[in-house]
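Enquirer: Got a predicted structure plus its sequence, pasted below:
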Amino acid sequence: MVRAPGPSVRLRLTLSYAGFLMLAGALLLAAVWLFLLRYVPERALIVPSGTPVRYDVFPVRSNLLRVFAPRAAGVLAFLLVFGLVGGWFLAGRMLAPLSRVTEATRKAADGSLSHRIRLPGRRDEFRELADAFDTMLARLDAHVAGQRRFAANASHELRTPLAISKALLDVARTDPERDTAELLDRLHAVNARAIDLTEALLLVSRAEQGSFEREDVDLSLLAEEATETLLPLAEKHGITIENSGGIAPTAGSAALLLQLTMNLVHNAIVHNVPGRGRVWVRTAVRPDAVTLTVENTGEHLSPELAATLTEPFRRGTERVHTDHMGAGLGLAIVKTIAHAHDGTLTLTPRPSGGLRITVELPVSGTG
């Protein structure tokens, strides 16, 4: 049901200002009547001759009202006109910041998220509204840009295995004598990579939407499970894993938090010094949070590079082994899962080489 447009806020404020002035004027006239005119006699006073008087004329209430009433009506009319004109001007001045917010809202609705209000002046309710709106636009702009970049990167990553599969099939078609077993092995590897990438994308989407039930989870148990599961991979690369820490109770999805832990440990194993690397997995609990820290040895990293490793499809290629490039979503998934659980992710290069990654999550109230 479409409702007819009502009077504007400016008109309503104008009428309110004018009405207030009229009411104030009426109250003033009533006060004049109550405290002054009612003491004026209704009839002329008769003064005996020879009585000294201070005034030559004694007002009569009826005559005074006859003179006073038109002037009072004129004053009320002036107040009405003054209230309407002045109220219209004041309402326009007061609502000018709101007009800028409305214009910015229309531009945002049309898809322009780069526009900012930047309302000048003192900090008042309108300034706070404009600043909050600018902050929202900045976050939306960054989110949309990230989504577009993610979609473009995902399309590129998914296109790569499909293009490789097509090339392998084209070669097999033109070369019937090619080794079929080798072709199948390569197709299987390419298909497995595409499946892994698709599952990673679905996991990121699921974590971003927050479509999971929260339950009590002990991060220390998840760290032990991830360490035991990835121990064969660590032994293959010659990596030593140390797991320590006590109970770390939090609330969230056990499956997603296990994936978070698996990604951290897997990342620490793969991006390490082959044959002599080390990985440390620790859990701890504080009064307001629980922490999961994964450290590894490796090459020296700059803080600038470490800050970009959580972006989707960003790989620290200078420290990635050629036998495992990955999908470039490991730490991006960790960051997404941590944020979905109201947590934080911190990446710090180690002075001796390698990386220290710390996940902070809210401590469980039942822990």
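Expert: Good, I have the coordinates. This one's a predicted model, so the numbers in the text were calculated from it and none came from an experiment.

Enquirer: Next up, identify which helix or strand Pro362 is on.
Expert: Counting by DSSP states H and E, the element that carries Pro362 is strand 355-362.

Enquirer: Arg10 now?
Expert: Following DSSP H and E, the helix or strand that holds Arg10 is helix 9-35.

Enquirer: Tell me which residue lies nearest the centroid of the chain.
Expert: Arg139 (5.7 Å; CA atoms, centre = their mean).

Enquirer: in the stretch 201-350 of the chain, which spans are strands?
Expert: Assignment of strands within the stretch 201-350 of the chain using DSSP state E, counting those that start in this stretch yields the ranges 215-218, 240-245, 249-252, 278-285, 289-296, 344-349.

Enquirer: In CSV, list the ones you listed along with mean neighbour count.
Expert: Bear in mind the C-beta positions are built from the backbone N, C-alpha and C, glycine included. Below are these laid out as CSV (neighbours: other CB atoms under 10 Å):
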stretch, mean neighbour count
strand 215-218, 17
strand 240-245, 16
strand 249-252, 22
strand 278-285, 20
strand 289-296, 23
strand 344-349, 16
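
Enquirer: Pull the strand holding Pro362 out as CSV, backbone CA atoms only.
Expert: Extracted C-alpha coordinates of strand 355-362, given in CSV (Å, rounded to 0.1, in the frame of the first residue of the first chain):
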residue,chain,number,x,y,z
LEU,A,355,55.6,-16.2,11.6
ARG,A,356,53.6,-16.0,14.8
ILE,A,357,49.8,-16.1,14.4
THR,A,358,47.5,-15.5,17.3
VAL,A,359,43.8,-16.0,17.4
GLU,A,360,41.8,-14.4,20.2
LEU,A,361,38.3,-15.6,20.9
PRO,A,362,35.8,-14.7,23.7
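
Enquirer: hmm, who's touching that strand?
Expert: 219, 250-252, 257, 260, 264, 267-268, 271, 288-296, 298, 301, 306, 309, 331, 334, 338, 341-350 (CB atoms under 8 Å, 6 or more residues apart in numbering).

Enquirer: I'd like to know how far Val101 sits from Val190.
Expert: Going from Val101 to Val190 by CB to CB, to the nearest Å gives 52 Å.

Enquirer: circling back: let's have the strands of the stretch 201-350 of the chain in JSON lines, adding distance to Val81.
Expert: Shown next, in JSON lines, are these (distance: least, CB to CB, whole Å):
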{"stretch": "strand 215-218", "distance to Val81": "69"}
{"stretch": "strand 240-245", "distance to Val81": "78"}
{"stretch": "strand 249-252", "distance to Val81": "65"}
{"stretch": "strand 278-285", "distance to Val81": "72"}
{"stretch": "strand 289-296", "distance to Val81": "65"}
{"stretch": "strand 344-349", "distance to Val81": "61"}
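
Enquirer: hang on, Thr250 packs against Val217?
Expert: Yes - the criterion here is CB atoms under 8 Å, and Thr250 meets it with Val217 at 5.5 Å.

Enquirer: Mind listing the shared neighbours of those two?
Expert: 257, 364.

Enquirer: Check which helices and strands the helix or strand of the chain with the lowest mean pLDDT sits against.
Expert: One helix or strand of the chain scores below all others by mean pLDDT, DSSP states H and E: helix 180-209, with a mean of 75. On a contact count with 3 or more CB pairs under 8 Å, 6 or more residues apart in numbering; DSSP states H and E, helix 180-209 meets helix 125-174, helix 254-270, helix 330-340.
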